[in-house]
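Undergrad: Everything below, folded, please.
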Amino acid sequence: MIMADYPNRTGRPPVSAQIAALIERLATENHGWGYKRIQGELLKLGHRAGASTIRRVLKALKIPPAPKRHTDTTWRQFLHAQAATMLATDFSRVDCAVSLQRLYCFFVIEVGSRDVHILGVTANPDGQWTTQQIRNLLMDLGDRATDFRFLVRDRAGQFTVSFDALLAGAGIKVVKIPPRSPRANAYAERFVLTARTEVTDRMLIFGERHLRSVMAEYARHYNGRRPHRALQFQPPRPDHPRADLSQERVSAGPCSAASSTNTSEPHRNPGQDQWPSSGTPQAAVTADSAADGLAVRGGLLQEAGQALPDSRRGDAALLALVPGHGGKGTRRAGGHRGEVAVQRRAEGLGVDALKDPPEGAGARRADPPRPWVAPPAE
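TA: All right, here's what the predicted structure looks like:
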């Protein structure tokens with residue numbers, strides 16, 4: 001029978017356009033109906049369709065499921081859309097180390113800029129005290145208070161009717177989060193965790209006055225110095241000029257004294273010879289290596305360096321870095337090949353480069369160079 005109805009294809013037949021339009025109408029006119037409910041309503045009308053088919057049709061029409069269909073935006077979308085005009089408030093609990101007294105720090109954070117305002121610290125936060133602190137905040141904001149439209153808070157007893165009325169008079173609507181849902185006030189809860197991790201859990205709080213000064217100092221650091229990922233690693237209100245990252249940075253190393261003053265030299269690989277075959281003086285010789293080499297090879301410079309013109313005295317300084325005869329800071333350039341290169345270089349100057357320095361010159365006698373031995377074949 002199936003092969004007679006559908007001779008050219010196998011499997012489930014596609015959903016007709018009339019059934020798809022009926023599914024769309026049932027979903028848009030009844031926001032609380034899920035896939036199973038729509039399936040049952042279609043059965044009453046004489047149409048058979050599975051729940052997965054209804055889900056696929058609604059997904060193609062970009063109609064969300066029933067829990068998200070009854071509202072225009074989700075809570076996450078609301079927070080992101082109104083972040084620039086939103087305030088969040090909460091209490092942070094701190095236990096004193098000496099008196100074992102629990103203190104409460106009342107704060108307000110600007111969601112868009114992450115700017116934190118520490119309003120006060122007390123051991124008994126009642127409704128009258130909380131209302132006075134929010135009144136002080138509105139006075140401190142001044143004309144900036146008109147930039148905010150919402151304030152997110154929990155359902156604690158400290159937030160009374162006078163608290164909400166004071167904000168409503170300033171044009172700020174109070175938004176209450178659901179009961180026992182601290183993640184709905186995520187921005188304020190995140191500041192509580194950050195303050196505890198970086199400050200209050202790392203030091204002993206002795207009293208209310210101590211906590212007030214500590215939180216005030218931390219608020220200045222949080223607003224002026226601490227980087228935030230949401231702000232591209234910038235503080236909310238920077239109190240220092242931003243670093244210029246466009247300049248070339250030179251990495252520090254054992255030759256930082258010479259590399260920091262001479263950045264125009266080309267980069268050389270570790271296995272490359274430190275002195276090329278040209279006859280011009282080289283500035284790549286580091287300051288400490290050259291000075292140490294001049295002291296060690298003093299006798300050699302007396303023979304060759306003084307008899308050379310000014311244009312060739314740089315080559316005499318290179319002779320102080322002969323492998324096996326130089327001081328600290330020297331290294332072999334290619335092993336035996338480096339010694340051969342130095343010997344050929346010294347022959348052009350007419351000086352025996354591998355000759356030991358005289359004893360009276362105050363130089364150290366180094367061990368003779370080891371002969372090059374080929375590595376064993378594997």
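Undergrad: which parts of stretch 74-94 are buried?
TA: 75, 78-79, 82-83, 86-92, 94 (16 or more other C-beta atoms under 10 Å). Glycine gets a C-beta too; all of them are placed from N, C-alpha and C.
Undergrad: If you could redo that for stretch 112-129, that was the one I meant.
TA: Counting neighbours by 16+ other C-beta under 10 Å, stretch 112-129 gives 112, 113, 114, 115, 116, 117, 118, 119, 120, 121, 122, 125 as buried.
Undergrad: same deal with stretch 203-213?
TA: Buried positions in stretch 203-213, judged by neighbour count with 16+ other C-beta under 10 Å: 205, 208, 210, 211, 212.
Undergrad: who's in contact with the second one?
TA: With contacts defined as C-beta atoms under 8 Å, 6 or more residues apart in numbering, residue 208 is in contact with 103, 121, 122, 123.
Undergrad: let's go with 6 Å and repeat that
TA: Applying C-beta atoms under 6 Å, 6 or more residues apart in numbering, one finds that residue 208 lies in contact with 103, 121.
Undergrad: what do you get for the first one?
TA: Contact criterion C-beta under 6 Å, 6+ apart gives 94, 96, 211 as the residues in contact with residue 205.
Undergrad: For the first one, list each beta-bridge partner.
TA: Read that as residue 94. According to DSSP bridges, the residues that bridge with residue 94 are residue 103.
Undergrad: mind checking how far it is from residue 77?
TA: 34 Å (C-beta to C-beta, to the nearest Å).
Undergrad: same deal with the last one?
TA: Counting by C-beta to C-beta, the gap from residue 211 to residue 77 is 37 Å.
Undergrad: nearest to residue 30, of the buried residues of stretch 112-129?
TA: residue 112 (37.2 Å; C-beta to C-beta).
Undergrad: Contacts for stretch 133-147 next, please.
TA: Counting contacts by C-beta under 6 Å, 6+ apart, the residues outside stretch 133-147 that touch it are 106, 108, 117, 119, 120, 170.
Undergrad: and of those, the nearest to residue 13?
TA: Closest approach between the contacts of stretch 133-147 and residue 13, by C-beta to C-beta: residue 108, at 60.3 Å.
Undergrad: other SSEs contacting the helix or strand where the closest one lies?
TA: Secondary structure from DSSP states H and E places residue 108 in strand 102-110. Contacts defined by 3 or more C-beta pairs under 6 Å, 6 or more residues apart in numbering; DSSP states H and E place strand 102-110 against strand 86-95, strand 116-122, helix 186-198, helix 208-224.
Undergrad: Can you get me a residue count around residue 62?
TA: Other residues within reach of residue 62 by the criterion other C-beta atoms under 10 Å amount to 6.
Undergrad: follow-up on the earlier one: need the max-distance pair from the contacts of stretch 133-147.
TA: Comparing all pairs in the contacts of stretch 133-147 by C-beta to C-beta, the longest separation belongs to 120 and 170, at 18.8 Å.
Undergrad: Is residue 166 in a helix, a strand, or coil?
TA: helix (DSSP: H, G, I helix; E, B strand; the rest coil).
Undergrad: now the contacts of stretch 133-147 in TSV, with distance to residue 54?
TA: Below are those laid out as TSV (distance: C-beta to C-beta, whole Å):
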residue	distance to residue 54
106	50
108	46
117	50
119	52
120	55
170	48
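Undergrad: Just give me the closest of these to residue 198.
TA: For residue 198, the nearest member of the contacts of stretch 133-147 is residue 117. The distance, counting by C-beta to C-beta, is 17.9 Å.
Undergrad: Surely that closest one touches residue 109?
TA: No: applying C-beta atoms under 6 Å, one finds residue 117 not in contact with residue 109, separated by 7.4 Å.
Undergrad: Can you give me the buried ones in stretch 127-138?
TA: 130, 131, 133, 134, 135, 137, 138.
Undergrad: among these, which are in strands?
TA: Counting by DSSP state E, no part of those is found in strands.
Undergrad: Show me those residues that map onto helices.
TA: Among the buried residues of stretch 127-138, DSSP state H puts 130, 131, 133, 134, 135, 137, 138 in helices.
Undergrad: As a markdown table, those with pLDDT and distance to residue 165 would be great.
TA: Rendered in a markdown table, the data for those read as follows (pLDDT from 0 to 100; distance: C-beta to C-beta, whole Å):
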| residue | pLDDT | distance to residue 165 |
| --- | --- | --- |
| 130 | 96 | 13 |
| 131 | 95 | 9 |
| 133 | 96 | 15 |
| 134 | 95 | 11 |
| 135 | 95 | 11 |
| 137 | 95 | 15 |
| 138 | 94 | 12 |
